[in-house]
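In: I would like the atomic coordinates for the input below:
(one chain, ligands or ions: 3)
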Amino acid sequence: MPQFLTTDESDFESRFAAFLTTKREDAPDVDEAVAAIIADVRARGDAAVIELTERFDRFSPGADGLAFTQAEIDAECAKVAQSERAALELAADRIRAYHTRQMPEDASWTDATGATLGWRWTPVSAAGLYVPGGLASYPSSVLMNAIPAKVAGVERLVVTVPTPDNVVNPLVLLAAKIAGVDTVYRVGGAQAVAALAYGTETIAPVDKITGPGNAFVAAAKRRVFGKVGIDMIAGPSEILVIADAENDPDWIAVDLLSQAEHDESAQSILITPDAAFGRAVADAVEKRLETLERRAIAGPSWRDFGAVITVGDLDEAAELSNRIAPEHLELCVADPEALAEKTIHAGAIFLGGWTPEAIGDYVGGPNHVLPTARSARFSSGLSVMDFLKRTTLASMTPAALKAIGPAAETLAISESLEAHGLSVRARLDRLNEETP
Ligand SMILES: NC(=O)c1ccc[n+]([C@@H]2O[C@H](COP(=O)([O-])OP(=O)(O)OC[C@H]3O[C@@H](n4cnc5c(N)ncnc54)[C@H](O)[C@@H]3O)[C@@H](O)[C@H]2O)c1
Ligand SMILES: N[C@H](CO)Cc1c[nH]c[nH+]1
Ligand SMILES: [Zn+2]
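Out: Ligands and ions are numbered 1, 2, ... in the order given. Just a heads-up that it's a prediction; the model follows:
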């Protein structure tokens, strides 16, 4: 049974607090194994990657076979149905258009002292995208990771994907091709992350690694952070729907199940001002679960981590939503724009009953790699910014240095940093000699 909570019950606060802090994931401790794998790849390069692939993915690529050839990619892509190809292309076009608008502008201005200041954005030179293997590999996630990188201007973009038993999902290769990925390596797990971070004879190192994966991949990303940049460690999916009684309970039920079916630890929550509507949605979920193919995943997720919360009004709904800070927030109410003004902590907001979250997972345009586990309080989804760096620019004239240099010298002396002060003083002295 999902939890049924009502804000006017006396024990609501304690039950809600317990619900908020419920541990949803028990990630196995794999850090020691991952440390050994990374050390092995650093020491032995391709030989280690090949051996680990033999052990974990049960085939031997050989050094020549670590990267897919163009002919292999073309042959796999030819297996994809035209309808799927068209859908991927439509998704790619819309994701590209959205992320192009995210590109930030450089800035430069001259202030009253004559100092010219500003900043400049430049892309990382090379990025590596990890694509999980097996059933969990989502071609849509290839687009969501690769397209922002290309829009940002990343010069070399590579994908690593495990291909257990040497079988690849053709849609992953097609998505990579559509997104403009340069090379795809048939390597997975911590060895793929290590190869991307440190490089091997075959795999050139990258500067930034993005993409989800299992506990081994997550631990490896944590370990190589610092040597390279990483995006985030994504947790199980979440959806929060705020809906009034004017909705079809079945629509809301399938929206809740759309994230529940990702993972047994996913979380789906309905907040509604109408208790009877909440019960109708819960009944509709049970009915859908009778036939849903992924009920073995969605059922436990809904029953163990799902909730229906009845509130007094939509202001109270917004307040709870902000405390939950969900990855995805659907606002199925009469005035979703007004409610969106109040729901300030969420990875992505879907406004109105005609905007199911699943549109955002595939073809809306915004990114579907989003902060989970309440981290939307302080972080954002993947964007072009993840593949850009901002460099500040400053240019002094003699007059500008004369105006602000003495204060720098004073601060340097107060920090006992003599050479700092002298580097300013040397120039100020020259200026004083020239124009006493
Ligand atoms: N958050 C998201 O958006 C999202 C999307 C897709 C998948 N996922 C997650 O990605 C994961 C996919 O997992 P997966 O395992 O199918 O694919 P994966 O690609 O993450 O991991 C497969 C690799 O794990 C390594 N591995 C497996 N057992 C190992 C062991 N005992 N020791 C060392 N390495 C080992 C192997 O190298 C193998 O190639 C799931 O946890 C899923 O929830 C998340
Ligand atoms: N909803 C997932 C992220 O939370 C992403 C995804 C991929 N495919 C379908 N959905
Ligand atoms: Zn999804």
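
In: Can you name the residues in contact with the host helix or strand of residue 319?
Out: If you go by DSSP states H and E, residue 319 is part of helix 314-324. For helix 314-324, contacts defined as C-beta atoms under 8 Å, 6 or more residues apart in numbering pick out 7, 16, 20, 240, 242, 244, 269, 271-273, 309, 311, 329, 333, 339, 342-346, 374. Placement of C-beta: from N, CA and C, glycine included.

In: The residue sitting nearest the centre point of the chain in helix, strand or coil?
Out: Closest to where the C-alpha atoms of the chain average out (C-alpha atoms, centre = their mean) is residue 369, at 3.5 Å. Assigned with DSSP: H, G, I helix; E, B strand; the rest coil, residue 369 falls in the coil class.

In: Please name the residues that touch it.
Out: Going by C-beta under 8 Å, 6+ apart, the list of residues near residue 369 reads 141, 144-145, 210, 212, 231-232, 234, 381-382.

In: And the pLDDT for the residue nearest to residue 272 when sequence neighbours are not counted?
Out: Excluding the flanking residues, the one nearest residue 272 by C-beta to C-beta, 6 or more residues apart in numbering is residue 278, at 4.7 Å. Here, the pLDDT recorded for residue 278 equals 98.

In: Would you agree residue 278 falls within a strand?
Out: No: Residue 278 is assigned helix when assessed by three-state DSSP, not a strand.

In: Is it correct that it is in contact with residue 270?
Out: Yes: with contact defined as C-beta atoms under 8 Å, residue 278 reaches residue 270; the gap is 6.1 Å.

In: So residue 212, which state does it fall into?
Out: Going by three-state DSSP: residue 212 is coil.

In: give the contact list for it.
Out: 130, 132, 141, 234, 369.

In: Could you tell me which of the contacts of helix 314-324 belong to helices?
Out: 16, 20, 339, 342 (DSSP state H).

In: what two of the residues you listed have the greatest distance between them?
Out: Farthest apart among the ones in helices among the contacts of helix 314-324 by C-beta to C-beta are 20 and 339. That separation is 20.6 Å.

In: Same drill for those two, tell me which one is more crowded.
Out: residue 339 (22 against 12; other C-beta atoms under 10 Å).

In: With adjacent residues omitted, what lies nearest to that one?
Out: residue 331 (4.9 Å).

In: and the one you found, what are its bridge partners?
Out: With DSSP bridges applied, residue 331 shows beta-bridge pairing to residue 242, residue 351.

In: so what pLDDT did it get?
Out: 98.

In: Next one: it from ligand 1, what distance?
Out: According to C-beta to the nearest ligand atom, to the nearest Å, residue 331 stands 22 Å off from ligand 1.

In: Same check on residue 362?
Out: 13 Å.

In: And the residue of the stretch 51-200 of the chain closest to ligand 2?
Out: residue 138 (4.1 Å; C-beta to the nearest ligand atom).

In: Which neighbours do residue 278 and residue 270 have in common?
Out: Common neighbours of residue 278 and residue 270 (C-beta under 8 Å, 6+ apart) are 308-309.

In: before we move on, the earlier item: highest neighbour count among the contacts of residue 212?
Out: Neighbour max across the contacts of residue 212 (other C-beta under 10 Å) = residue 130, 28 neighbours.

In: Which residue is the nearest non-sequential neighbour of that residue?
Out: Closest to residue 130 by C-beta to C-beta, 6+ apart is residue 211, at 3.6 Å.

In: Report the contact partners of that neighbour.
Out: 129-132, 141, 145, 231.

In: So which of those residues sits lowest on pLDDT?
Out: Ranking the contacts of residue 211 by pLDDT puts residue 132 at the bottom, with 92.

In: Residue 87 and residue 363, how far apart?
Out: 8 Å (C-beta to C-beta, to the nearest Å).

In: Ignore what I typed, I meant residue 299.
Out: For residue 299, the distance to residue 363 - C-beta to C-beta - is 27 Å.

In: And residue 297, by the same measure?
Out: 23 Å.

In: which parts of the helix holding residue 319 are buried?
Out: Of all the residues in helix 314-324, those buried under the rule 16 or more other C-beta atoms under 10 Å are 314, 316-318, 320-322, 324.
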